[in-house]
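1. make a model of this:
(chains A and B)
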Amino acid sequence: MAPKPHRVLLDRVSGYADEAAAYMRRRRASRRPFARLYYAGGRAEDHATDSATGGELFVAAGRLIELAGKRPKS
Amino acid sequence: MADGETSTAVSGEAAEGALAYLTEMSPDLRGAAILAGDGAVLAASGDANRWREDAATLFEVADRGSEPVEQVHIGTEQGEVFALRHAGLAAVAVTDRFALASLSFFDMRAVLRDLAAGRPLSTFDVSEDVKSPKRRMGRKADGA
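-> Sure thing, here's the model as predicted:
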């Protein structure tokens, strides 16, 4: 039996809402600052922005970004 | 250095060529520096003293863990910073946001490896004026 028309519409709207929510989640995750350190042997460490080391890493990175400036337009 | 010393002394000219090559290879790159094992700047796309100080600070903070760091990757809203130690040398690069990390590290490692191996300068053939980091700096200074 074919689904009722209003159910099809609801499913579609709900699908779009899910897509939009997933997009916002991905966008939030990709815009979040991060500091990762990699060591010999493949070990890696993540440092949060509010940790002591993380804070200092972000300050050091900020200075380098400021030093490099904007990319010259070609 | 965490991963050994270079077999030969690296000349500033070779480092400049390597930096130009790296700049040309990475379209997202805003600026970079190549440093010797002792932290001295061999080539930089700007104020060499500032690059030496800021790179030293970055490595000093990163090395506070149990062992010396090999790679550093920091992403902020304003851009991304990559730092890498390889073959007794170090490279620090600043790129636009969302640069491909694995590719950036690959290029930096390749450049340091070739530089440390003392490959002839022709490997980094930057005879075209357009590839010179000095010219790029000039362009930046001109605001073009």
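
2. alpha carbons only for contacts and neighbour counts from here, please
-> Will do.

3. so residue 24: helix, strand or coil?
-> No chain specified, so I'll use chain A. helix (DSSP: H, G, I helix; E, B strand; the rest coil).

4. not quite, go with chain B.
-> helix.

5. is stretch A:40-51 up against chain B anywhere?
-> Yes: using Cα under 8 Å from any Cα of the partner chain, stretch A:40-51 reaches chain B at A:Ala40.

6. quick one: distance of that stretch to the chain centre.
-> Chain-centre distance of stretch A:40-51: 17 Å, with Cα atoms, centre = their mean, to the nearest Å.

7. and that stretch, C-alpha only, in CSV?
-> What follows is stretch A:40-51, C-alpha atoms only, in CSV (Å, rounded to 0.1, in the frame of the first residue of the first chain):
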residue,chain,number,x,y,z
ALA,A,40,58.2,9.7,16.7
GLY,A,41,56.5,6.4,16.5
GLY,A,42,53.2,7.9,15.5
ARG,A,43,52.0,9.0,18.9
ALA,A,44,49.8,12.1,18.8
GLU,A,45,48.5,14.4,21.5
ASP,A,46,45.6,16.9,21.3
HIS,A,47,45.7,20.0,23.4
ALA,A,48,42.5,21.8,24.3
THR,A,49,42.3,25.6,24.0
ASP,A,50,41.7,25.9,27.7
SER,A,51,44.7,23.8,28.8
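
8. center of chain B - which residue?
-> Nearest to the mean C-alpha position of chain B, by Cα atoms, centre = their mean, lies B:Ala91 at 3.3 Å.

9. what of chain A?
-> Chain A has A:Ser30 as the residue nearest its centroid, 1.5 Å off, counting by Cα atoms, centre = their mean.

10. low-scoring stretches of chain A, by residue?
-> A:71-74 (pLDDT under 70).

11. do the strand with the most length in it and chain B meet at all?
-> In chain A, taking DSSP state E as the definition, the longest strand is strand A:34-39. Yes: using Cα under 8 Å from any Cα, we find that strand A:34-39 touches chain B at A:34-39.
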